[in-house]
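# Predicted model and sequence follow; I will ask about them next.
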Amino acid sequence: MRTPHMILLLAAALLWAAGHARAATPEARQAFQQARDAAAASYKAARAQCDTLAGNPKDLCVATAKAARVHAQEEARARYEDTLQAYTRARMRIAAADYDREKVRCAGFTGNDKDVCQAQAKAALVAAQADAKADRKAIQARNEAQDDKLEASWRVAKQRCDAFAGAAKDQCMADAKSAFGK
């Protein structure tokens, strides 16, 4: 079962992260560690609640707790690494965790209901993975287009500066370099 809220959150994070590559700061590392610790504590608490159940409900409870832990850990890791690859990897791992949870849920059914449930779970996994890959490619294409546009604008600015001579040309080139980060 796909959670639209998480997919939208990750898509927004992917779009934001597309142009924001930065080194991990000590504060980011600390936030990552805290998020991992919180995910582990939350998992232990949820896992303890599962011990009161038996059979498939217990298995489903444990699988749900594991999926929630994976969600929290992968989102924290993606924010910490802050790269397009990290966000894509997080989405893939979250999709796999959701699929594992759904397989356990399907185990509670029998016959055709079980087959349909498993097919739906597999379809949701394939769709989530395809969306993650497609979003990654789209963001990469947008970034490449942005770079191409910036380079073309830089060439135009240099061409404009060629109309000047001496100090005026030097000033024009300095302004163009600062405007285009060259």
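Received, thanks.

# Only C-alpha atoms from now on, for both contacts and neighbour counts.
Will do.

# pLDDT score for the residue nearest in space to the middle of the chain?
Closest residue to the average C-alpha location of the chain: Tyr87 at 2.5 Å, with Cα atoms, centre = their mean. For Tyr87, the pLDDT comes out at 94.

# go on, Ala28?
86.

# and the residue lying closest to it once chain neighbours are set aside, what element?
In space, and not counting its chain neighbours, Ala28 is closest to Tyr80: 6.0 Å by Cα to Cα, 6 or more residues apart in numbering. Here Tyr80 sits within helix 56-81, counting by DSSP states H and E.

# Please identify the buried residues of stretch 144-156?
By 16 or more other Cα atoms under 10 Å, the buried positions in stretch 144-156 come out as Trp154.

# Which residues does that stretch contact?
Residues outside stretch 144-156 that contact it (Cα atoms under 8 Å, 6 or more residues apart in numbering) are Ala176, Phe180.

# now that stretch: mean pLDDT?
Averaged across stretch 144-156, pLDDT comes to 92.

# Next: stretch 42-56.
On average, stretch 42-56 scores 92.

# can you pull out the helices in the chain?
For the chain, the helices defined by DSSP state H cover 4-17, 26-50, 56-81, 84-106, 111-161, 166-180.

# got any ranges where this structure has weak pLDDT?
In the predicted model, the chain carries pLDDT under 70 at residues 1-24.

# Next, count neighbours for Val104.
By other Cα atoms under 10 Å, 20 other residues sit near Val104.

# before we move on, the earlier item: ok, the residue nearest to Ala28 touching Glu27?
No - between Tyr80 and Glu27 there is no contact under Cα atoms under 8 Å: 9.8 Å.

# Give me the more crowded residue out of these two.
Shown here are Tyr80 and Glu27; by other Cα under 10 Å, Tyr80 has more neighbours (22 against 10).

# Please report how far the more buried one lies from Arg47.
Distance, Tyr80 to Arg47, by Cα to Cα, to the nearest Å: 26 Å.
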